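Enquirer: give me a 3D structure for the following:
(chains A and B)
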Amino acid sequence: MSGDHQMLAVLLFSAFLAVTLGITTWVSRKRQGSAEEFYAGGRLFSPMENGFAIAGDYMSAASFLGIAGLISLFGYDGLLYTVGFLVAWLLVLLLVAELVRNCGRFTLADVVAARMSERPVRIAAGTSSVTVSVLYLVAQMVGAGSLVALLLGGTSGAAQAWTVIGVGALMVIYVSLGGMRATTWIQIVKAVLLLAGTIALTVMVLVRFHGDFDQLLVTAAERSVHGNAFLAPGLKYGGDWTARLDFISLGIALVLGTAGLPHILSRFYTVPTARAARRSTVWSIGLIGGFYLMTIVLGFGAAAVVGPDEVRRSNAAGNTAVPLLALDLGGGAGSAGGTVLFAVVAAIAFATILAVVAGITLASSASVAHDLYASLRRPGGKTRSEVAVARVAAVGIGVVAIGLGLLARDMNVAFLVGLAFAVAASANLPALVYSLFWSSFTTRGAVWAVYGGLVPAIGLVLLSPVVSGSPGSLFPGIDFQYFPLENPGIVSIPLGFLAGWLGTVTSAEPADEARHAETEVRSLTGAGAV
Amino acid sequence: MDRSEAGTVSRDMKYEDPWYDALATGWGEADGPGGPARTTVPAARTGPTGAEIRARNVYVEVQRSAAFQEVRSRYRRFVVPGVIGFLAWYVAYVVTATTAPGFMARPVSGAVNVGMVAGLGQFLTTFLLTWAYARHARLRRDRAALQLRWDTQELTRGAQGGAS
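Expert: Predicted coordinates:
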């Protein structure tokens, strides 16, 4: 890879930075400093704007580069991922978006704590939200670091480390200065850029094959050494039964986890009504679905045009498949077209990571300030403005994420994302669903549901081959591996629901009927919603 | 809205305008609907006041009303089968793909096999269910829910001692 496209990529990315920092300063000039403004951007975004922002929050670089790469290497098994990521949105649309918009103010804990004794529930839900966000953040930071190494040729550890630090510092600036309004506009800009880039590449792939999808699949299967097996499941997850069970576990975590991701839930508070929340979800399902369909074309296109062998030579995990495809579609290495396209793809991938990271940081700073700080501060202590606390929290979370991102530098990004989804599905989803739909759910049930999902999810990962006992582990030298699967979802999600049920039936105090009535009426009608 | 802030709740409510949707594109200026910004961290829950208890009874009353029961059953009649249906279809797809790859590899036409059709079918059913849900909610629920929202807020205001 020549120095030209690196130069150009850096230039394009600097332009994106300039635009987004411009947005941030412009927005923060007008800010009022209220919590409403900082966490929810004034709640007056339109459904279309919020739909783009949700899509921007959700379409991470892991999807753009990672999934297309998986498809180019393993064919059909990569496609399985995209299905889970999209179908998950039905759960958000049908059960969560409108009701959460109606019942809550800023965070997930608002909804769960509404009919419970507030303090313990808020602490529990805040803790699990922060945990999920930090896991997701680390995944994105690690992704950013390895992306730099791959695309800009800075393979040294120092380049990776500086990228992680730089991304962390930038997101702290975005979030603490601009709040939700700036973050939302950055998501919108990024979503438009990402979709435009994906559409352009997809059209070029289809033109290359004269619009014949069948021909594309046949060529991809021929160029992989697997023939028709490339177009059927089993190349990556078809090994022993542990591997298969692991994939089922991941699939369930993906589909149930999205509805428990704090940064997705907080997006619904940026629109004025539940109806607008529904319409923004419909927008985002359309955008995300279209994006993943194009990702499939890009993945098979990379296999057919570039070839799995060359993709694997460049990066064993396939993360460079799309940039290599762009290089080839533009006219090959050394040509002007190839250089430009490669640089554009690289710049879009960086922009994607920055935007996603900003969204998660904002959501977790809201959890820290609105849920944890508000519940844990000493009653006699100095009262500080919630927004000031949230700004400090954004800096703190940035520092923690940078630290963990540097530590976890060699971990697999897709695994970290899967883990964040599993924790969200185990700890957040049971408490959320029970409190919206179960009339006899109690405070103890809520607390147990959160911890009953959170603790097993984290614990099982600590006991899994990811941490110890196999050559690819975090600590390959020692062996305390007792749980065979990498993704804990299939065990920890049912445990979360079970713990919530158990906590409720063993409660000494019965559920408050009047408060359940209030939650139910408010969630379905929007009465008293902010 | 935090219940602990019962004092501010009633004040906010009178500015509440469910017809916001029409203004939704004006993202620029407007601040939150509630006048002065709330800059303090909400206090831990305090014991319910008399007005709060009366307001709560309003919700029980609304919940038992025929109009609300109708809205709720319309919602549930769509959502419960919908969620069970798509989850079952998705889990069946994932389990089949991992346990019976041979079946998924069966050719349908050209290079397209059963697995490809099933995968794209998942995309298609997701889009269809999204469309059906949005349509159902718009035609069968929105109007009734909005009416209930108005009525409930009227009642709550009355119960809180006519704060408006």
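
Enquirer: can stretch A:185-204 be found next to chain B?
Expert: No: legend: contact between stretch A:185-204 and chain B by CB under 8 Å from any CB of the partner chain is lacking; minimum distance shown is 9.1 Å. (Glycine included, C-beta is placed from N, CA and C.)

Enquirer: quick one: buried residues of that stretch?
Expert: Residues of stretch A:185-204 classed as buried by neighbour count (16 or more other CB atoms under 10 Å in any protein chain shown): A:185-191, A:193-195, A:197-198, A:200-202, A:204.

Enquirer: again, but for stretch B:114-121
Expert: B:114-116, B:118-119.

Enquirer: tell me where the stretch 101-250 of chain A has helices.
Expert: In chain order, the stretch 101-250 of chain A shows helices spanning A:108-113, A:118-151, A:157-208, A:213-223, A:241-257, with DSSP state H, counting those that start in this stretch as the criterion.

Enquirer: any chance of JSON lines for these, columns distance to residue A:517 and mean pLDDT?
Expert: Putting those into JSON lines (distance: least, CB to CB, whole Å; pLDDT from 0 to 100) gives the following:
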{"stretch": "helix A:108-113", "distance to residue A:517": "16", "mean pLDDT": "90"}
{"stretch": "helix A:118-151", "distance to residue A:517": "18", "mean pLDDT": "85"}
{"stretch": "helix A:157-208", "distance to residue A:517": "31", "mean pLDDT": "87"}
{"stretch": "helix A:213-223", "distance to residue A:517": "53", "mean pLDDT": "91"}
{"stretch": "helix A:241-257", "distance to residue A:517": "28", "mean pLDDT": "91"}
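
Enquirer: tell me which of those lies nearest to residue B:89.
Expert: With CB to CB as the measure, helix A:241-257 is the member of the helices of the stretch 101-250 of chain A nearest residue B:89 (10.9 Å).

Enquirer: can you list contacts of the very next helix or strand once past that closest one?
Expert: Toward the C-terminal end, the helix or strand that comes next after helix A:241-257 (DSSP states H and E) is helix A:262-265. Residues outside helix A:262-265 that contact it (CB atoms under 8 Å, 6 or more residues apart in numbering or on different chains) are A:54, A:57-58, A:92, A:96, A:100, A:104, A:107-108, A:129, A:132-133, A:136, A:258, A:359-360, A:362-364, A:366-367, A:424, A:428.

Enquirer: show me which of these are buried.
Expert: Judged by neighbour count, with 16+ other CB under 10 Å as the criterion, the buried members of these are A:54, A:57-58, A:92, A:96, A:100, A:104, A:107-108, A:129, A:132-133, A:136, A:258, A:359-360, A:362-364, A:366-367, A:424, A:428.

Enquirer: all strands of chain B, in order?
Expert: Secondary structure of chain B (DSSP state E): strands at B:107-109, B:112-113.

Enquirer: please work out which of those is packed deepest.
Expert: Burial of these is given as mean neighbour count (mean count of other CB atoms under 10 Å in any protein chain shown); strand B:112-113 ranks first at a mean of 18.

Enquirer: does chain A sit close to that strand?
Expert: Yes: using CB under 8 Å from any CB, strand B:112-113 reaches chain A at B:112-113.

Enquirer: and that strand, which strands flank it?
Expert: Strand B:112-113 pairs in its sheet with strand B:107-109 (antiparallel), by DSSP bridges.

Enquirer: I'd like the average pLDDT over the strand it pairs with.
Expert: Rounded to a whole number, the mean pLDDT of strand B:107-109 is 87.

Enquirer: in contact with residue A:330: list those residues for me.
Expert: A:336-342.

Enquirer: now do residue A:356
Expert: A:56-57, A:60-61, A:140.

Enquirer: same question for residue A:78.
Expert: Contact criterion CB under 8 Å, 6+ apart gives A:67-72, A:236, A:299 as the residues in contact with residue A:78.

Enquirer: try 7 Å this time
Expert: Contacts of residue A:78 were listed using CB atoms under 7 Å, 6 or more residues apart in numbering or on different chains, and they are A:67, A:70-71, A:299.

Enquirer: return the residues of the stretch 251-400 of chain A in contact with chain B.
Expert: A:251, A:255, A:271-273, A:275-276, A:278, A:282, A:285, A:289, A:293, A:373-375, A:383, A:385-387 (CB under 7 Å from any CB of the partner chain).

Enquirer: now, of those residues, which are buried?
Expert: Among those, those classed as buried by neighbour count (16+ other CB under 10 Å) are A:251, A:255, A:271-273, A:275-276, A:278, A:282, A:285, A:289, A:293, A:373-375, A:385-387.

Enquirer: gap between the closest residue to residue B:107 other than its chain neighbours and residue A:123?
Expert: Excluding its sequence neighbours, the residue lying closest to residue B:107 (CB to CB, 6 or more residues apart in numbering or on different chains) is residue B:113, at 5.1 Å. Counting by CB to CB, to the nearest Å, the separation of residue B:113 from residue A:123 is 51 Å.

Enquirer: could you measure from residue A:38 over to chain B?
Expert: Look at residue A:38 and chain B: by CB to the nearest CB, to the nearest Å, they are 10 Å apart.

Enquirer: name the nearest residue to that residue, sequence neighbours excluded.
Expert: Setting aside the residues directly before and after it, residue A:38 is nearest to residue A:179 in space (CB to CB, 6+ apart), at 3.9 Å.

Enquirer: for chain B, give me the ranges with low pLDDT.
Expert: Low-confidence segments of chain B (pLDDT under 70): B:1-49, B:161-164.

Enquirer: endpoints of stretch A:421-441, how far apart?
Expert: Using CA to CA, to the nearest Å, the end-to-end distance of stretch A:421-441 comes out at 24 Å.

Enquirer: returning to what we had before: ok, how many other residues are close to the residue nearest to residue A:38?
Expert: Around residue A:179 sit 31 other residues, with neighbours defined as other CB atoms under 10 Å in any protein chain shown.

Enquirer: pLDDT score for residue A:212?
Expert: pLDDT, residue A:212: 89.

Enquirer: then residue A:107?
Expert: Model confidence at residue A:107, given as pLDDT, is 91.

Enquirer: circling back to that earlier point, mind listing which of the residues of the stretch 251-400 of chain A next to chain B are in helices?
Expert: With helices taken from DSSP state H, the overlap with those comprises A:251, A:255, A:275-276, A:278, A:282, A:285, A:289, A:293, A:374-375, A:386-387.

Enquirer: coming back round to it: I figured the residue nearest to residue A:38 hits residue A:37, correct?
Expert: Yes: using CB atoms under 7 Å, residue A:179 is in contact with residue A:37, at 6.2 Å.

Enquirer: quick one: residue A:367 and residue A:129 touch, right?
Expert: Yes: counting by CB under 7 Å, residue A:367 does reach residue A:129; the two are 4.1 Å apart.

Enquirer: list residues touching both of those two?
Expert: A:107, A:262.
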